[in-house]
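Participant: fold the stuff below for me.
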Amino acid sequence: MPNKYSKWITSLREEIREECGEGWMIRGIGKGLVQKVQLTVRFENGNRTSIVLGPKAKSDPDFVPWVGTSAGWILKISKDISLIMKAQEKGLAEAYEIVKQMNESGLNGELDWEKLARKFKSHKTSNGKKATRVWNRNYRTPIARTLLILTGETSVSSGYSVLRTLVERHGGEPGSASRRLRIQYAAEFLRFAFKNGANRSWLPPEDLNTFIGEKTTMDQLSENGNKSEP
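Facilitator: Residues are numbered from 1 along each chain as shown. Have a look, this model is predicted:
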């Protein structure tokens, strides 16, 4: 049976074609489970050109692997490259260098977390009053607390350390719904930051259970005791 692509790969390829053009293709290359990201552009005359997105060395802490959590970043940088190619009539490799320089002189030079937080809020509230209510009820406090950690802690240098500090300051009961949502919203913001120019080191871990924790046996017994009999 033929191998089926993961849903995130199919979705990413469709989005890149819609945003950049039919000749834009993306795939993972290299040996082993961790692959590099290769972007290829096929021109109308049939010629093709390719580049590797992100650092080429897997040992680089900012290396971007061919995995689902990289999809948002891949889509955005592909769109940025496409815009430079069209607006400035540059080749693929040259356009990519320009995009990297723009990112390094902007977000990656000195991360403006407050600007990123405002952008995240606009992203989450762009669908009207209902979205704004959801933001105020669910996101506002966790993101404000996360922002304080990011802008006020010199020891914080990764997504892992941000979530660890958030738990230390505002943890709540292990395994509780409030703690789980607090961590999930903060992690969502960090993924958004990576998509919008932050280094990969700011991505949260795939598994958030380390920060969410588990309910104790006594908590579970108490919950079960409070449930009504069928």
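Participant: quick check, central residue of this structure?
Facilitator: residue 191 (2.6 Å; CA atoms, centre = their mean).
Participant: buried residues in the helix or strand containing that residue?
Facilitator: Using DSSP states H and E, residue 191 sits within helix 177-195. Within helix 177-195, the residues scored as buried using 16 or more other CB atoms under 10 Å are 179-180, 182-195. C-beta here means a position set from N, CA and C on the backbone, and glycine is covered the same way.
Participant: what do you get for stretch 41-56?
Facilitator: For stretch 41-56, by 16+ other CB under 10 Å, it's 41, 51, 53-54.
Participant: show me the chain divided up by domain.
Facilitator: 8-105, 113-217 (automatic domain parsing).
Participant: which residue comes closest to the residue nearest to the centre of the chain once chain neighbours are left out?
Facilitator: Computed as CB to CB, 6 or more residues apart in numbering, the closest residue to residue 191 that is not its neighbour in sequence is residue 203, at 6.4 Å.
Participant: against residue 34, how distant is that neighbour?
Facilitator: Note on residue 203: its distance to residue 34, by CB to CB, to the nearest Å, is 15 Å.
Participant: do residue 209 as well
Facilitator: Remark: distance between residue 209 and residue 34 (CB to CB) = 22 Å.
Participant: neighbour count for residue 203 and residue 34, which is higher?
Facilitator: Under the criterion of other CB atoms under 10 Å, the comparison of residue 203 against residue 34 puts residue 203 first, with 21 against 12.
Participant: and the more buried one, what does it touch?
Facilitator: Residue 203 is in contact with 69, 159, 190-191, 194, counting by CB atoms under 8 Å, 6 or more residues apart in numbering.
Participant: now swap in residue 213 and tell me
Facilitator: So residue 213 contacts 171, 174-175, 179 (CB under 8 Å, 6+ apart).
Participant: can you put the residues you listed in JSON lines and add secondary structure?
Facilitator: JSON lines is the format used below for the contacts of residue 213 (DSSP: H, G, I helix; E, B strand; the rest coil):
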{"residue": "171", "secondary structure": "coil"}
{"residue": "174", "secondary structure": "coil"}
{"residue": "175", "secondary structure": "coil"}
{"residue": "179", "secondary structure": "helix"}
